[in-house]
Structure formats: C-alpha cells, structure tokens
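> Need the 3D shape of this:
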Amino acid sequence: MNKEIPVKEIPVYVFMGFLESGKTTFAKETLIDRGFNEGKPALLLVCEEGEVEYNKEELKKRNIFLEYIDEDSLTDENLLNLGNKYNPELVLIEYNGMWELDKIFNIRVPKGWTVVQVLSFVNALTFDVYVNNMKKIMMDQLRNADMIIFNRCNADTKKSEYRRSIRAVNRRAQVIFENADGSVDNGSEDELIVPYDISGDEITLEDEDFGLFYIDAADNPDKYLGKTIKFKAQVHKPSNYGKNEFVPGRFAMTCCAADIAFVGFKTYYGGAKNLKDRDWVIVKGKIDKEYYKEFEGDGPVIFADEVVMTSPAEDELVYFNY
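I've put the predicted structure just below:
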C-alpha cells in the first residue's frame, strides 16, 4: 500500500502597489537587511521594474533567486516550472500595480504554495491622485490587503481620515503610516469621539451620524451591547439572508470621497420579508453582537422591534468625518 507523502506548505507573500509606492525598497530591506528567508531558498518574482533595482548577485549570495515575469508569463505552467527549478521554501511576488488582481488570485499556483499575507504599499504623497484617477484598481488593492503601508508621510498626511476610510472597505487590514525618514507614526489611536450621546440606554442618530456610528460600533461592539439604537437607513436584502434578516445601511463615501460603498449591520426583524431593496426606513432595535466573517471576529447585529417606512435622507450619502 502506497503512503501518500504530505505536501510541504510554502508561504507566499504578495506585495501590491503602484510604481514608486515602496514595494521594492521594502522587499530589499526585508530580504537583505533583515534576512527574512533565514538562508532558506527563496524565490522572488518581480512583475515590474521600478525606480529601485535589485542586485541579483547580492540576492543569490543569500539564497534568493530573482525572476522577472511579464503579464503573459504569469501562468500556471511558468510558475510550476520556476517552482521545480528553484524548489523554494519561501516565495515573494512583487505584483504590478497596473494589473488586475484577478490575474494573480485566480491563478493555479504549484502545490504547497499558500498565500499567507498580502501587503499593499501606498505613496501618501500621490494617494489622492491615484484614488481619483484609478479608483477601481486602487480599491481592489486596499480591499484585498492584510496590511496597508502608507509611506513618505508628512505632517499634512490625513492619517485619521485615511484610516477610517480604509476600515469602511477592509475591516481586517492593519494600517501603518511611515514617515519619509523611515520612522512609524500611526497617529493617535484614541477612541473615536462621536457626535451623538451614548451615555444612556437609547441612542438616536442624526442622518449624517451613521458613518461614524458604523466605524465606532464595528471597532468597539461591546460599547454598544444592550443599547437601543434608532436611525434612518436604506434597506439591503442580500440573497443569502433569511426571510427575517436584512441590512439597514447607507451608501458612504470611502477612501477620500472617491469610492462609494454600502455599509450597515445585519438586522433581525420579523417583517423583513415585506421590505424591498432601497426602501428608506427608520429602524429601532437593540444591539447585540455575533461573528462576522469579513471582520474576522465579532461585530454588531440589531434585533429590531420597529421598522417603519420614511422619506429619503436629505443627503443620501454619509461620510466618515465631521
């Protein structure tokens, strides 16, 4: 009887970002200065040549093998061939920021290759420009990242605004702000000051307060447990929800007013089956919490006692600042 040999897991790290975002600099510092591969054979796949270049011979001394690949050669077959050629125990992919992410995430990688972390690098000086002009590609990178690193930050970098906007589209990502001198300054991590009163048992939101409520409640669900919340929202009924479940929420400007996303929390309500998508309603109910896959942890849910039809908000969009 033949015994099946277990496949060894080979961790894969993916670096995303546009040109001059700091991907190559970070990779060089990580691999060479910090000895990330600890002498084990590593394969570095580079999908674009940036302003900072690699020293192929210097990498080879550290058992790191460099291969440049273009979009046409980013294929199942080529990755399999490279895997057989180098037998790496670690793979790093410096991905081209202009390519669609489906190209890398849908590819069939060699057996054992497992993506363990996706890092997105952002030049803080050009972030607003890229978001305004290349919204889809930038937002795809931010949504899929496990860690987002803003570099070249200065006193004018809108750290709090950027952090809140990213939380709206990617709850799990760690956001880091790095100054031009390499020091890390993530700004104040103090509790968000909200413009509504949470001292009592019941919270009533003004129309413009929903965005900040969403961020704060998602970050600190325990702070809202057991409280009754009343707010105006639009109805969203995901296809996989039960007949007594829906999401009352709002369309929000995220990522520096350049992208729009619907945000809200799962709500249980006996009359949900009578609601229609895009209905405007006033919801009143008690806040509890349960596990959210997208949060990778607990998040708020609402058990509604009352949902009544109403007129649209004066401004149908909400924001994450005030």
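
> name the helices or strands packed onto the lowest-mean-pLDDT helix or strand in the chain?
When each helix and strand of the chain is scored by mean pLDDT, DSSP states H and E, helix 159-169 comes last, with a mean of 78. Where contact means 3 or more C-beta pairs under 8 Å, 6 or more residues apart in numbering; DSSP states H and E, helix 159-169 is packed against helix 135-144, strand 147-153, strand 174-179, helix 210-219, strand 245-254, strand 259-264. Using the backbone N, CA and C atoms, a C-beta is placed for each residue, glycine as well.

> what angle do the last one and helix 159-169 make?
With axes from the mean of the first three to the mean of the last three C-alpha atoms, to 10 degrees defining the directions, strand 259-264 sits at 60 degrees from helix 159-169.

> List the contacts of strand 259-264.
Here strand 259-264 makes contact (C-beta atoms under 8 Å, 6 or more residues apart in numbering) with 131, 135, 139, 168-169, 211, 214, 233-234, 236, 247-254, 317.

> Now, of those, which are buried?
131, 139, 168-169, 211, 214, 233-234, 236, 247-250, 252-254 (16 or more other C-beta atoms under 10 Å).

> Out of those residues, which is nearest to residue 305?
For the buried ones among the contacts of strand 259-264, the residue nearest residue 305 by C-beta to C-beta is residue 248; the value is 13.2 Å.

> Grab the nearest non-local neighbour of the closest one.
Take residue 248 and drop its neighbours on the chain: the residue closest to it by C-beta to C-beta, 6 or more residues apart in numbering is residue 233, 3.6 Å away.

> before we move on, back to that, mean pLDDT and distance to residue 203 for the helices and strands packed on helix 159-169 - can I get that in a markdown table?
Putting those into a markdown table (pLDDT from 0 to 100; distance: least, C-beta to C-beta, whole Å) gives the following:
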| stretch | mean pLDDT | distance to residue 203 |
| --- | --- | --- |
| helix 135-144 | 84 | 29 |
| strand 147-153 | 92 | 31 |
| strand 174-179 | 88 | 27 |
| helix 210-219 | 88 | 8 |
| strand 245-254 | 89 | 14 |
| strand 259-264 | 82 | 15 |
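
> of all those, which lies closest to residue 100?
Closest among these, using C-beta to C-beta: helix 135-144, at 7.5 Å.

> thinking again about what came up before, you'd agree the residue nearest to residue 248 is in a helix?
No. Judged by DSSP: H, G, I helix; E, B strand; the rest coil, residue 233 forms no part of a helix; its state is strand.

> circling back: grab the two from the buried ones among the contacts of strand 259-264 that are most spread out in space.
131 and 248 (27.8 Å).

> how about stretch 224-244: buried residues?
Using 16+ other C-beta under 10 Å as the test for burial, stretch 224-244 gives 224, 228-229, 231-237.

> For the helix or strand in which residue 116 is found, which strands pair with it and how are they oriented?
Following DSSP states H and E, one finds residue 116 within strand 113-123. In the sheet, strand 113-123 lines up against strand 10-16 (parallel), strand 147-153 (parallel) (DSSP bridges).

> count of neighbours near the closest residue to residue 46 other than its chain neighbours?
The shortest distance from residue 46 to any residue other than its chain neighbours is 4.7 Å, reached at residue 94 (C-beta to C-beta, 6+ apart). Using other C-beta atoms under 10 Å, residue 94 has 25 neighbouring residues.

> and residue 94, what does it touch?
Residues near residue 94 by C-beta under 8 Å, 6+ apart: 15, 23-24, 27, 44-48.

> mind putting those residues in TSV, secondary structure and neighbour count included?
Putting the contacts of residue 94 into TSV (DSSP: H, G, I helix; E, B strand; the rest coil; neighbours: other C-beta atoms under 10 Å) gives the following:
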residue	secondary structure	neighbour count
15	strand	26
23	helix	27
24	helix	22
27	helix	24
44	strand	25
45	strand	23
46	strand	21
47	coil	21
48	coil	18
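
> Tell me the one of those nearest residue 145?
Closest to residue 145 out of these is residue 15 (9.9 Å), distances taken as C-beta to C-beta.

> Return the residues in contact with that closest one.
Counting by C-beta under 8 Å, 6+ apart, residue 15 makes contact with 23, 26-27, 92-95, 119, 121.
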